[in-house]
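Asks: Make a model of this:
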Amino acid sequence: MRKSTAGALLLIVIGLLGILAWKLAMPLLFKQGLIDTSDASSTKGTVRIGGDNYLGYWFITSPVMKKSASKDGIGIQFTDDGGTYAARLQKFAAGEYDCIVLPVNSYLTHGLPHQFPGVIVAAICESKGADGIVGFAEKLPSKKVQDLDDGQLAIVYTADSPSAFLLDLTIADFDLAQLKSGDQWRVEVNGSRDVYQRAEKGQGDMFVLWEPDLSRAMRLPGMTYVWGSDKFSGYILDVFVFHRDFIKKKPDLAMDFLKHYFRTLSVYANNRDQMLEEMARATDLKQHELSAIVDKIDWFDLHENCTELFGISSRADQPAKDGMISTIIANTDVLLRTKRLDRDPLEGNPYLITNSVFLEDLKSATGAAPVAQSSGPVTFRPLDPEQWNQLREVGVFRVEPITFQSWNNLLTQDGKDTVDRIAALLAHNYPNYRVIIRGHTAPGGDESENEKLSLERAQSVVQYLKAVHSLDANRLMAKGVGSSIPPEKKPGESMRAYQYRQSRVEFIALEGNAL
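Replies: Here you go, the predicted model:
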């Protein structure tokens, strides 16, 4: 081939490549031109978020958030995966998402196989009645949580969901032995709507739902409310989990995203009508339905995140709380007790999956002033014995072996450790209940001496709760009943194990008038 021909072909190839490069570059150049000549001139990047259509996440994609973030050059790409937590974690670990939103218990369960690729940087909200258990009244003879402990019941719920965790924590905290020992009672379906349809047709005995299906189920004939997330705290919290690589490479983008998110909360907190109107447009719910549901979700603003959950104090005279750490510990305990986990995935160090740096920086930049002063710890007015007897019993908390020194009322070190765990449960997860601490002994000997010893041991536990954990004395009442109320024998329990359990201390939750 002549040199002139080869040169001509080379020029043609170069020309074609140039045209191709120009065509490929044109859209990018055009887009950059739009950005350079507009209010979006300082594009910072896009935050890719994996989540679902839970109303608690609505503010992330709300009109105010989108407008505020985009004006600051931040794009938000929110993917609704329908609540498939395992798939969400798999994509998150693979780097397809920069951030995911989900309940704490779901991150503990599904984050473990991926070695926890992200850290919790802020809490979003807590269910305060948005999840609940309802059932037909004839199946609830005493109207207490313990009525659920019947392996013959058909309990309908959604697997791998907040409903499943609500069941798990109820089984764990109230020691529902029959439910724990078998699975014949489980009826798993594909969502809260399916649970509602089963309830409507009478296909089941108990039904675990979330809003709006929960409210709809309560209107069915013969249906009564059993238990729900309005009865406890510190368990069902949804959180922002940012990928560890993302916060290393783009910490400023993560910070700016959170800044706009908390500003968005503030805007809507002062414009409830606007919020309900825009929520209604984004969902298939009426505004009056939305209003009832919104009241059952507690969103955490920047101040609450700092002072209540991440231990960041706003004033020297007001110590902050590590509520998020307590929540991680409480969730882990439930998952271990119900065998959802076979070991502590964090090996006793919950700080491995939290990062408070962003909240600290935001607080420093904004002051994180509260919208209203915190109400502080719950206090209880004193009651006389007759008033105590009038309180409604909710249920008996799980019974753990509290050991005392031989034939006296002094706690051993193991006994103190057990009471410490129960104190955390009462303070963090069930702060609004009065509690009867009821002592029991095994049968045998002088029953009057048994009653005396059981009362002294109950009083010893009460004194320890007051002195060491500062629980309100008016909240607690000690009783001793000797061997007069033996425990129910658990399925498959040996006589030796049963006899060992008869000497015990029970914690009985009562609904009272907290002031």
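
Asks: would you say residue 135 is within a strand?
Replies: Yes: membership of residue 135 in a strand is supported by DSSP: H, G, I helix; E, B strand; the rest coil.

Asks: Quick check: beta-bridge partners of it?
Replies: residue 206, residue 224 (DSSP bridges).

Asks: Distance of it relative to residue 453?
Replies: According to CB to CB, to the nearest Å, residue 135 and residue 453 sit 39 Å apart. C-betas here are computed from N, CA, C, even on glycine.

Asks: Who has more neighbours out of the two?
Replies: residue 135 (25 against 22; other CB atoms under 10 Å).

Asks: For residue 71, what are phi and psi?
Replies: Dihedral pair for residue 71: phi -60, psi -30, per degrees, to the nearest 10.

Asks: what's the burial count for it?
Replies: Counted with other CB under 10 Å, residues neighbouring residue 71 total 12.

Asks: Return the distance of it relative to residue 44.
Replies: Distance from residue 71 to residue 44, by CB to CB: 11 Å.

Asks: Same check on residue 231?
Replies: Distance from residue 231 to residue 44, by CB to CB: 43 Å.

Asks: Look at those two and report which has more neighbours.
Replies: Per other CB under 10 Å, whichever of residue 231 and residue 44 has more neighbours is residue 231, with 22 against 15.

Asks: what about stretch 55-72, distance to the chain center?
Replies: 23 Å (CA atoms, centre = their mean, to the nearest Å).

Asks: buried set for it?
Replies: Judged by neighbour count (16 or more other CB atoms under 10 Å), stretch 55-72 contains these buried residues: 55-62, 64-66, 68-69, 72.

Asks: For it, report the contacting residues that lie outside it.
Replies: 39-40, 42, 44, 49, 51, 75-76, 78, 101, 124-125, 127, 130, 211, 238, 256-257, 260-261, 263-265, 267-268, 275, 278-279, 282-283, 290, 293-294, 297, 299 (CB atoms under 8 Å, 6 or more residues apart in numbering).

Asks: Inside strands: which ones of those residues?
Replies: 49, 51, 75-76, 78, 101, 124-125, 127, 238, 297, 299 (DSSP state E).

Asks: sorry, back to before: list buried residues within the contacts of stretch 55-72.
Replies: Looking at those with 16+ other CB under 10 Å, the buried ones turn out to be 49, 51, 76, 78, 101, 124-125, 127, 130, 211, 238, 256-257, 260-261, 264-265, 268, 275, 278-279, 290, 293-294, 297, 299.

Asks: so where's this protein shaky on pLDDT?
Replies: Segments of the chain classed as low confidence (criterion: pLDDT under 70) are 1-11, 13, 15, 18, 20-42, 315-317, 367-378, 407, 512-515.

Asks: any idea how it splits into domains?
Replies: 45-126+235-366, 131-231, 385-511 (automatic domain parsing).

Asks: Start and end of the first one, how far apart?
Replies: If I follow you right, that is domain 45-126+235-366. 23 Å (CA to CA, to the nearest Å).

Asks: Repeat that for stretch 286-303.
Replies: 31 Å.

Asks: Buried ones in it, by neighbour count?
Replies: Buried-residue list, stretch 286-303, by 16+ other CB under 10 Å: 289-294, 296-303.

Asks: in the stretch 401-515 of the chain, which spans are helices?
Replies: In the stretch 401-515 of the chain, the helices defined using DSSP state H, counting those that start in this stretch lie at 413-424, 447-469, 495-502.

Asks: any idea which of these is most buried?
Replies: Highest mean neighbour count of the helices of the stretch 401-515 of the chain: helix 447-469, a mean of 18 (counted as mean count of other CB atoms under 10 Å).

Asks: I'd like to check the angle between that one and helix 413-424, please.
Replies: Helix 447-469 runs at 60 degrees relative to helix 413-424, counting by axes from the mean of the first three to the mean of the last three CA atoms, to 10 degrees.

Asks: Which secondary structure elements does helix 447-469 sit against?
Replies: Under the contact definition 3 or more CB pairs under 8 Å, 6 or more residues apart in numbering; DSSP states H and E, helix 447-469 sits against helix 413-424, strand 434-440, strand 476-480, strand 504-511.

Asks: Tell me which of the ones you listed lies nearest to residue 344.
Replies: Closest approach to residue 344 among the helices and strands packed on helix 447-469 (CB to CB): helix 413-424, 13.8 Å.

Asks: which outside residues touch that closest one?
Replies: When contacts are defined by CB under 8 Å, 6+ apart, helix 413-424 is touched by residues 326, 329-330, 333, 397, 400-404, 411, 461, 464-465, 468-469, 471, 507.

Asks: one more time with 7 Å
Replies: For helix 413-424, the external contacting residues (CB atoms under 7 Å, 6 or more residues apart in numbering) are 326, 400-404, 411, 461, 464-465, 469, 471, 507.

Asks: How many residues are close by the residue lying closest to residue 460 once chain neighbours are set aside?
Replies: Closest residue to residue 460 apart from its sequence neighbours, by CB to CB, 6 or more residues apart in numbering: residue 409 at 4.5 Å. Per other CB under 10 Å, the neighbour tally for residue 409 reads 19.

Asks: how about the nearest residue to the spatially most central residue of the chain, chain neighbours excluded?
Replies: The centroid of the chain falls nearest to residue 236 when counting by CA atoms, centre = their mean (1.7 Å). In space, and not counting its chain neighbours, residue 236 is closest to residue 127: 4.2 Å by CB to CB, 6+ apart.

Asks: Tell me who's in contact with the nearest residue to residue 130 once chain neighbours are set aside.
Replies: Residue nearest to residue 130 in three dimensions, not counting chain neighbours: residue 296, with 4.2 Å by CB to CB, 6+ apart. Shown in contact with residue 296 (CB under 7 Å, 6+ apart): 128-130, 211.

Asks: thought residue 81 was touching residue 50?
Replies: Yes: the criterion here is CB atoms under 7 Å, and residue 81 meets it with residue 50 at 6.1 Å.

Asks: what do those two both touch?
Replies: Contacts common to residue 81 and residue 50, judged by CB under 7 Å, 6+ apart, are residue 88.

Asks: higher neighbour count, those two?
Replies: Taking other CB under 10 Å, residue 81 and residue 50 do not tie; residue 50 has more neighbours (24 against 16).

Asks: That one is in contact with residue 80, isn't it?
Replies: No: taking contacts as CB under 7 Å, residue 50 lies outside contact range of residue 80: 8.7 Å.

Asks: which non-adjacent residue is nearest residue 56?
Replies: residue 125 (4.1 Å).

Asks: Once you drop chain neighbours, what's closest to residue 117?
Replies: Residue 117's closest residue in space is residue 93 (CB to CB, 6+ apart), at 4.5 Å.

Asks: brain fart, residue 477
Replies: Spatial nearest neighbour of residue 477, chain neighbours left out: residue 436 (5.1 Å); criterion: CB to CB, 6+ apart.

Asks: how far away is that neighbour from residue 46?
Replies: Residue 436 is 55 Å from residue 46, by CB to CB.

Asks: If you count surrounding residues, which of the two has more?
Replies: More neighbours surround residue 436 than the other of residue 436 and residue 46, with 19 against 15 (other CB under 10 Å).

Asks: List the beta-bridge partners for the more buried one.
Replies: residue 477, residue 508.

Asks: quick one: contacts for it?
Replies: Counted by CB under 7 Å, 6+ apart, residue 436 has contacts 477, 479, 508, 510.

Asks: What count of nearby residues applies to the residue nearest to residue 443 when sequence neighbours are not counted?
Replies: The shortest distance from residue 443 to any non-neighbouring residue, by CB to CB, 6+ apart, is to residue 483 (4.1 Å). By other CB under 10 Å, 17 other residues sit near residue 483.

Asks: got it, and residue 388?
Replies: 14.
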